[in-house]
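Visitor: From the sequence below, what's the structure:
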Amino acid sequence: MKRIFLFLCLLWAAGPLYAQDYVDVVKIGYTNTQISNEAIDRSSRMKGFDVSLLTPMQIAPSSHVLIGGDLSIKSLALINNENSTFYNTIIKFGVAKTFNDEWNGYIIALPKFASDYQRNFGSSFLMGGIAMLKNVKSETLTWKFGLYGSQEAYGFFGTPVIGLFYRSPNNKLTIDASLPLVADVNYAFNNQKKTSIGLDFFAIRRSFFIGPDSPTQLYVENNEISFTPYFQYAAADSKLLLRLKGGYSTADFGLFATSDSKMAGISAANIGDNRTRLNQDFRGGLQVKLEATLRIGARR
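Guide: Numbering: from 1, shown residues only. Prediction:
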């Protein structure tokens, strides 16, 4: 019942809906990040694989249904220097609508299963969602306002989202930011946009259940902020974007007991956090990522 109530709150808070004139229908990425545990005098590697799918289906001249999903896999040495693998599977279902030339919006429900999938797939179900409004100020500038919320193993995480989309008059510079979650700055070397350079910002707070559902079950809280400059090559009439990224990530993986007290995370702040961490802090390091994106439509 609490999960249903959370979902209804997200729907109510979203207000109007939003649509955009481009969609990343497929995104695939492989990540290799250097990390180290303060209790271990050596570094190790966190390997990640991500797939994101989103399909818009038009149901009216100004409305679309959005269906898709995400799969994120992270593998690292977490407990006793033994390798652990965590899965985050998200189902996307939402609606997008254009109201007029100035306003459009969307709302997407994001139910997910997040754990090591060791006999706990069903018990790892968590509900989330995102809603966004766009105000088109001109051909080059659009403002974004939204709300993101997710049920987590430690309680609840939520944040307001404020951002913009800016495209320079010569179409070479593009800024697409939805802070404090993601931001992308891209500069094309020529008008054909075959090659470009950029800077990618990504911040995330996730949690994964560990082991079977029981009173002694544990979970890991993954907090990560990454800054990755990149080189991009656009193929297939700029529909296929290939990126080589290299930068820094602050990846941390805190281990906690599900029986411990719950708390709420609002953006970067914790409210009522009286938990006892069961492992040492992790330190981030160099991150390298390969990414391929299939994009349809034109950015606005």
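
Visitor: Which SSE is immediately downstream of the helix or strand of the chain with the lowest mean pLDDT?
Guide: When the helices and strands of the chain are scored by mean pLDDT, DSSP states H and E, helix 2-14 comes last with a mean of 39. Remark: after helix 2-14, the chain's next helix or strand is strand 22-37, criterion DSSP states H and E.

Visitor: Neighbouring strands - and their directions - for the next helix or strand after that next one?
Guide: Using DSSP H and E, the helix or strand that follows strand 22-37 towards the C-terminus is strand 43-60. Its sheet considered, strand 43-60 pairs with strand 22-37 (antiparallel), strand 63-79 (antiparallel) by DSSP bridges.

Visitor: I'd like the ones you listed as TSV, with mean pLDDT and mean neighbour count appended.
Guide: Every residue, glycine included, has its C-beta placed from N, CA and C. Putting the strands paired with strand 43-60 into TSV (pLDDT from 0 to 100; neighbours: other Cβ atoms under 10 Å) gives the following:
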stretch	mean pLDDT	mean neighbour count
strand 22-37	90	17
strand 63-79	93	18
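
Visitor: Does the residue positioned nearest the centre of the chain belong to a helix, a strand or coil?
Guide: Geometric centre of the chain, nearest residue: Ile204, 6.2 Å, by Cα atoms, centre = their mean. What DSSP: H, G, I helix; E, B strand; the rest coil gives for Ile204 is strand.

Visitor: How about it: what's its closest non-neighbour residue?
Guide: In space, and not counting its chain neighbours, Ile204 is closest to Glu224: 5.3 Å by Cβ to Cβ, 6 or more residues apart in numbering.

Visitor: before we move on, what about Phe202?
Guide: Ser226 (4.9 Å).

Visitor: give the contact list for Gly146.
Guide: 130-133, 160-163, 178 (Cβ atoms under 8 Å, 6 or more residues apart in numbering).

Visitor: cool, Leu141 as well?
Guide: Leu141 touches 164-166, counting by Cβ under 8 Å, 6+ apart.

Visitor: Over to Gln217?
Guide: Applying Cβ under 8 Å, 6+ apart, the residues contacting Gln217 are 120, 209-211, 257-259.

Visitor: Helices - which of these land there?
Guide: Of the contacts of Gln217, none are assigned to helices by DSSP state H.

Visitor: export the residues you listed to a markdown table and tack on distance to Ser36, neighbour count and pLDDT?
Guide: Output for those, formatted as a markdown table (distance: Cβ to Cβ, whole Å; neighbours: other Cβ atoms under 10 Å; pLDDT from 0 to 100):
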| residue | distance to Ser36 | neighbour count | pLDDT |
| --- | --- | --- | --- |
| Asn120 | 28 | 20 | 87 |
| Phe209 | 25 | 25 | 96 |
| Ile210 | 21 | 22 | 94 |
| Gly211 | 25 | 15 | 90 |
| Ala257 | 24 | 16 | 96 |
| Thr258 | 26 | 19 | 94 |
| Ser259 | 29 | 10 | 93 |
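
Visitor: do you know how far the nearest residue to Ile59 once chain neighbours are set aside is from Leu126?
Guide: Excluding the flanking residues, the one nearest Ile59 by Cβ to Cβ, 6+ apart is Val65, at 5.6 Å. Val65 sits 23 Å away from Leu126, going by Cβ to Cβ, to the nearest Å.

Visitor: cool, Asn81 as well?
Guide: For Asn81, the distance to Leu126 - Cβ to Cβ - is 28 Å.

Visitor: Between these two, tell me which one has more neighbours.
Guide: Leu126 (22 against 11; other Cβ atoms under 10 Å).
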